[in-house]
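sequence-free structure coming up:
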Ligand SMILES: Nc1nc2c(ncn2[C@@H]2O[C@H](COP(=O)(O)OP(=O)(O)OP(=O)(O)O)[C@@H](O)[C@H]2O)c(=O)[nH]1
Ligand SMILES: [Mg+2]
């Protein structure tokens with residue numbers, strides 16, 4: 001963590017702008033407070049990626065709330081968008097003073113340098129590949145795919161630095177830990193799957209009870225007057241997994257990731273977190 005943090009700090013001196021990638025399902029919980037501190041002074045865009053998985057209304061609310069704080073923010077679906085034109089335009093507009101200065105001084109072929117940072121598995125390398133227009137960075141659906149910093153060149157004057165995902169050492173709010181595990185930012189073996197599934201079922205029951213009932217074909221008697229742990233046990237039985245609660249828990253986690261409950265955002269703007 002310290003080494004990775006120092007590397008980011010080192011590179012900050014040579015980049016014009018930082019692209020901070022967060023998971024649109026967790027626009028608060030997937031921001032690394034340590035990185036936030038070090039990029040404080042730099043031009044900065046928050047990219048809410050994986051917008052295709054998040055609740056569109058809450059994505060707009062989050063963008064607005066970041067913009068109101070004075071930070072540029074944009075939603076991206078790097079999986080389906082072929083060209084990230086809006087993002088490229090936003091980078092140029094954030095750097096318009098600098099670009100105008102180059103142009104005034106007659107500097108041709110100037111390069112803009114952007115550094116991409118964020119926690120693991122939020123889609124940093126996928127976004128950069130889309131910006132370059134071909135698959136130059138390795139991507140994968142697990143945390144820790146990118147191991148080193150790599151410069152990638154576009155043919156339109158923006159150099160992009162891909163960096164390994166960085167998590168902070170101590171996640172003090174257990175809810176944040178559960179959300180990160182649920183999104184796939186933390187290796188699946190770190191948090192017990194039943195804890196993560198119970199967190200997810202709790203949230204989904206409170207906010208989307210009808211969806212939970214229809215996905216698992218539950219009756220009212222399955223969900224009322226039961227703890228969430230009891231609900232997980234009932235699900236295990238219903239799914240035919242005998243007493244394999246872990247299997248049922250892993251199924252719930254995969255069902256969340258595979259949109260069985262629709263597009264869900266687990267962070268709500270204005271929610272208070274003790275960090
Ligand atoms: N649904 C969806 N999946 C995405 C999106 N962007 C990236 N992914 C997927 O998320 C996974 C992680 O993508 P990467 O680009 O490797 O993530 P990363 O942030 O570079 O991860 P590390 O290098 O491990 O830090 C891959 O399976 C991508 O296909 C998106 O906008 N929507
Ligand atoms: Mg990567």
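That came through, no problem. Keep in mind the model is a prediction, meaning the values are calculated, not measured. Ligands and ions are numbered 1, 2, ... in the order given.

Look up how far residue 171 lies from the spatially closest residue to residue 102 that is not a sequence neighbour.
Nearest non-adjacent residue to residue 102, counting by CB to CB, 6 or more residues apart in numbering: residue 110, 4.5 Å away. In this view, the C-beta of every residue, glycine as well, is placed from N, C-alpha and C. Distance of residue 110 to residue 171, computed by CB to CB, to the nearest Å: 40 Å.

Check residue 243 too.
Counting by CB to CB, the gap from residue 243 to residue 171 is 30 Å.

burial count for the residue of the stretch 151-275 of the chain found nearest ligand 1?
Residue nearest to ligand 1 within the stretch 151-275 of the chain (CB to the nearest ligand atom): residue 165, separated by 2.6 Å. Close neighbours of residue 165, defined as other CB atoms under 10 Å, add up to 21.

where does it land on pLDDT?
Residue 165 is assigned 95 on the pLDDT scale.

same thing with residue 223?
89.

how about it, what does it touch?
By CB atoms under 8 Å, 6 or more residues apart in numbering, the contact set of residue 223 is 205, 209, 212, 213, 231.

Kindly report the same for residue 52.
Per CB under 8 Å, 6+ apart, neighbours of residue 52: 77, 79, 80, 263.

How about the secondary structure of it?
helix (DSSP: H, G, I helix; E, B strand; the rest coil).

Just the pLDDT at it, thanks.
For residue 52, pLDDT reads 98.

same question, residue 274
47.

returning to that earlier point: quick one: the residue of the stretch 151-275 of the chain closest to ligand 1 and residue 147 touch, right?
No: using CB atoms under 8 Å as the test, residue 165 is too far from residue 147 to be in contact (10.2 Å).

which of residue 243 and residue 171 has more neighbours?
More crowded of residue 243 and residue 171, by other CB under 10 Å: residue 171, with 19 against 10.

ok, for that one, nearest residue in space, not its chain neighbours?
Going by CB to CB, 6+ apart, residue 171 has residue 177 as its nearest residue, at 4.5 Å.

Give me the phi and psi angles of the one you found.
phi -60, psi -40 (degrees, to the nearest 10).

Tell me which residues touch it, please.
Here residue 177 is in contact with 171, 186, 191 (CB under 8 Å, 6+ apart).

so which of these are also by ligand 2?
Taking CB under 5 Å from the ion as the test, ligand 2 is in contact with none of the contacts of residue 177.

What about ligand 1: which of those touch it?
Near ligand 1, judged by CB under 6 Å from any ligand atom, there are no entries from the contacts of residue 177.
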